[in-house]
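Asks: sharing a sequence plus its predicted fold:
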There are 2 protein chains.
Amino acid sequence: MTISNLRIDPDRLMARLRALGQVGALAGGGVCRLALSDEDKAGRDVVTGWMRELGLDVAIDAIGNVVGTRAGEENLPAVMVGSHIDTVRTGGLFDGNLGVLAGLEIIAVLNDAGLSTRRPVAVGFFTNEEGARFAPDMMGSAVHQGFLGLEEAYQVRGIDGVTVRDELQRIGYLGPEPVGQHRAHCYFELHVEQGPVLEEKSVPVGVVEGVQGISWTQYRIIGVSNHAGTTPMRLRHDAGYVAAAIACEARRIANQMGGDQVATVGVNELTPNLINVIAAEALVTVDLRNTDEEKLKHAEALMADFIETAARNEGVSVSSQVLARFEPVVFDREKVDSVERLADQLGHKTMRLPSGAGHDAQMFAPNCPTAMIFVPSRDGISHNINEYTAPEEVAAGGDVLLQLVVENALK
Amino acid sequence: MTISNLRIDPDRLMARLRALGQVGALAGGGVCRLALSDEDKAGRDVVTGWMRELGLDVAIDAIGNVVGTRAGEENLPAVMVGSHIDTVRTGGLFDGNLGVLAGLEIIAVLNDAGLSTRRPVAVGFFTNEEGARFAPDMMGSAVHQGFLGLEEAYQVRGIDGVTVRDELQRIGYLGPEPVGQHRAHCYFELHVEQGPVLEEKSVPVGVVEGVQGISWTQYRIIGVSNHAGTTPMRLRHDAGYVAAAIACEARRIANQMGGDQVATVGVNELTPNLINVIAAEALVTVDLRNTDEEKLKHAEALMADFIETAARNEGVSVSSQVLARFEPVVFDREKVDSVERLADQLGHKTMRLPSGAGHDAQMFAPNCPTAMIFVPSRDGISHNINEYTAPEEVAAGGDVLLQLVVENALK
């Protein structure tokens, strides 16, 4: 057996993806397994069952993270593969699930090949990555890696008013294992891109360099409501105009900075929102992201300066509230290079790109060498029942993950 | 008696304004007399009663317009003073009512002075000027002056589903008089400015040169909803960005054109309106006004060109719907000059300005010499329970109207 000839079985992996997609399946396609719901419990039972069938030692920790471990020749920290199996309300079959089930596929390949590794290989799925029912998102991995306290997480109430702790208990996944028991030697995550870049470039394997830093700010602009006909332009204090100017400036900043910088104004609400009344009030949000913290700070500063000037010129007041702020995450340089090298060896075109969305991997990145592999999302669509990645793309990403795991588990 | 020494009695006029303000009074101040409601009927009864007390010959026409006439020495078309007494849902005491009750005050002055005039003097109030219950606004004067068919007006259904005809009948104001029977020799309307200009300039009497033309267009922009983090700027089709760009361009056009040009984007709605999702859809309205039809057309053309280019550049589709389009109205030059001259003679500062709002006077303007007099609105506020004009400003405007009526009725 030549190790570099090992390949995953894409049919077996796709079959598991489809089977898990039946749990909480929606009428029109797609799936709904909100974290710690009955459907999530059913999905957890299925995946945990597969772990046991594959001979893994399954541990469930106090925040409901499940880690199945294939023992190594030595009792060392494991090479860990992970992601999540909870979904948004109208989710697809790939987001999260792909990373977990590709991990199981790798275990199956190792088992079939009778290959023993120096280090253990572990496959984990982490509680409430999506944050669609409980905030914050990436909860399980955050607790696992020490960035969120267990008690704090327990007390979080979902959109339906119940606590994380009560729901963990109710579905039987408040496990006996202390959180963070399974320290990883390194952590790898295969995920769908959730964006259009790989498809646009016809590249099956994305080499993820890191996760963009995120800056979310909400601005409430207070102007003066007035008649659209009788109020001369120079006497206006138009909250709606300042809101629009902010959205235009966000675009200008992103275009001017270029590179990874993105800027989005997704919320814009006017009051009273009438055709012939100058808006008294406007609510807008600005979403800024960059892989470079200094650049992200620069974008924030440009935006803040602009808003201050625009508000003064228009004679409106603006109050702001930071809704989220995460620094960029940079993945391990050597592991990122490995992803690229292994994909090359496997004959797959690659490109480097940042992740625009958050992932469990970013919780591991500060504590152990971490890397992610992206595969294309058809039409860039995710969080949508039409989310799709072709079997050959799943196979390409899965094979890179397999080689990466084996390479790190053997040495 | 020197005619130029005639003055209105501001206390008597203010007392009538307050008394009419009690009909349909709101708890916190202000008034609600939606057209053809029970409150409107009660207000009509009060004003019609005053007309009869003043000896006017009261005629109610088939669309509910009420005209009270003081006979002249000759049976000629009357010098007509008019406005409306219906209000918006949270209206003030002055809008419309001032023009009607100032007309009654003039009748009282003429009666007290025992002054007979060559031409009759008529005071009218016209049905549903506000359009707050039935569309279109200025309905009664539009039917009166031949710009809207009686049957068409009858069939209009209000926001509560009932027809104009049924409500006219129900409140007893479907009158026997054929519409338009009372042709006016000339028409004058005293009104609150509903804007901040006179107050800002400390000018009590506004000489209204005309009514701005109005262009209302609604744009529906269809883009592509996508992830705010994973979608590079160059691959976006952001409906929200195009909406914001339209609002910024509207401001730019108004500033660049200057003069009377105003532009307002009062409605801006995004779908799905989420912080981290590029808007799939946006709805915006553009309100453009100018006193000059050619300039208004120019503003419309600039806006249309901009939107076409912006949509093409962003890869979104835009559909537009014209919600209203009225050409500017220019009041009679000689009567406008008269307003200015008479105010000068009375020692009141004046300034010329356009009306940014629609008024019954604009329906008369194409058919007979027409002029309007504005008095200041405190803080520019109207359509608001805090609408206010000081008694000395009411007196100034009322005296100009009195002199204007007498001058035209005598000759």
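Replies: Received it, and whenever you're ready, just let me know what you need.
Asks: low pLDDT regions in the stretch 301-411 of chain A?
Replies: Low-confidence segments of the stretch 301-411 of chain A (pLDDT under 70): none present.
Asks: strands of that one, start to end?
Replies: Along the stretch 301-411 of chain A, the stretches classed as strands by DSSP state E, counting those that start in this stretch are A:317-326, A:329-330, A:350-355, A:370-375.
Asks: buried residues in the third one?
Replies: Right, the one you point to is strand A:350-355. A:350-351, A:353-355 (16 or more other Cβ atoms under 10 Å in any protein chain shown). Where you see a C-beta, it was placed from the backbone N, CA and C, and this is true even at glycine.
Asks: related to what we said a few turns ago, comparing the strands of the stretch 301-411 of chain A, which comes out most buried?
Replies: Between the strands of the stretch 301-411 of chain A, strand A:370-375 has the highest mean count of neighbours, a mean of 29, where neighbours are mean count of other Cβ atoms under 10 Å in any protein chain shown.
Asks: for the closest residue to A:Pro328 other than its chain neighbours, give the beta-bridge partners.
Replies: Counting by Cβ to Cβ, 6 or more residues apart in numbering or on different chains, the nearest residue to A:Pro328 once its immediate chain neighbours are dropped is A:Gly213, at 3.6 Å. The residues paired with A:Gly213 through beta bridges, assigned by DSSP bridges, are A:Asn290.
Asks: give me the neighbour count for A:Gly213.
Replies: 23 (other Cβ atoms under 10 Å in any protein chain shown).
Asks: mind checking pLDDT for it?
Replies: The predicted structure scores A:Gly213 at 95 on the pLDDT scale.
Asks: mind listing what it touches?
Replies: Contacts were defined as Cβ atoms under 8 Å, 6 or more residues apart in numbering or on different chains; by that measure A:Gly213 touches A:289-293, A:296, A:325-329.
Asks: same for chain B: which of the buried residues of strand A:350-355 are within range?
Replies: The residues of those that also fall near chain B, by Cβ under 8 Å from any Cβ of the partner chain, are A:Ser355.
Asks: quick check: A:Gly124 is in a strand.
Replies: Yes. When classified by DSSP: H, G, I helix; E, B strand; the rest coil, A:Gly124 is found to be part of a strand.
Asks: ok, it - contacts?
Replies: For A:Gly124, the contacting residues are A:65-68, A:80-82, A:100, A:103, A:182, taking Cβ under 8 Å, 6+ apart as the criterion.
Asks: I'd like to know how far the most far-flung residue of chain A relative to its centre sits from A:Pro366.
Replies: Within chain A, the residue lying farthest from the chain centre (Cα atoms, centre = their mean) is A:Thr230, at 50.0 Å. Taking Cβ to Cβ, to the nearest Å as the criterion, A:Thr230 is separated from A:Pro366 by 59 Å.
Asks: mind listing the helices for the stretch 51-200 of chain A?
Replies: A:97-113, A:139-144, A:150-155, A:164-171, A:197-201 (DSSP state H, counting those that start in this stretch).
Asks: what's the burial count for the closest residue to A:Ala19 other than its chain neighbours?
Replies: By the measure of Cβ to Cβ, 6+ apart, the closest residue to A:Ala19 outside its immediate chain neighbours is A:Val46, 7.1 Å from it. With neighbours defined by other Cβ under 10 Å, the count for A:Val46 comes to 16.
Asks: close enough to count as contact, A:Val46 and A:Leu20?
Replies: Yes. Under the criterion of Cβ atoms under 8 Å, A:Val46 lies in contact with A:Leu20, with a separation of 6.0 Å.
Asks: ok, back up a step: for B:Leu150, state which of the contacts of A:Gly213 is nearest.
Replies: A:Arg289 (61.5 Å; Cβ to Cβ).
Asks: contacting residues for that closest one?
Replies: Applying Cβ under 8 Å, 6+ apart as the definition, the contact partners of A:Arg289 turn out to be A:212-215, A:260-263, A:296, A:356, B:228-229.
Asks: ok, A:Pro328 next?
Replies: With the criterion set at Cβ under 8 Å, 6+ apart, A:Pro328 makes contact with A:210-213, A:290-293, A:296, A:354.
Asks: and which of the residues you listed is nearest to B:Glu269?
Replies: Within those, distances to B:Glu269 taken as Cβ to Cβ reach their minimum at A:Gln212, with 28.3 Å.
Asks: ok but A:Trp216 is inside a strand, no?
Replies: Yes. The assignment for A:Trp216 is a strand, going by three-state DSSP.
Asks: ok so, going back, okay, the contacts of A:Arg289 in JSON lines with distance to A:Glu308 next?
Replies: Output for the contacts of A:Arg289, formatted as JSON lines (distance: Cβ to Cβ, whole Å):
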{"residue": "A:Gln212", "distance to A:Glu308": "25"}
{"residue": "A:Gly213", "distance to A:Glu308": "22"}
{"residue": "A:Ile214", "distance to A:Glu308": "22"}
{"residue": "A:Ser215", "distance to A:Glu308": "17"}
{"residue": "A:Asp260", "distance to A:Glu308": "26"}
{"residue": "A:Gln261", "distance to A:Glu308": "21"}
{"residue": "A:Val262", "distance to A:Glu308": "23"}
{"residue": "A:Ala263", "distance to A:Glu308": "17"}
{"residue": "A:Leu296", "distance to A:Glu308": "19"}
{"residue": "A:Gly356", "distance to A:Glu308": "28"}
{"residue": "B:Ala228", "distance to A:Glu308": "24"}
{"residue": "B:Gly229", "distance to A:Glu308": "26"}
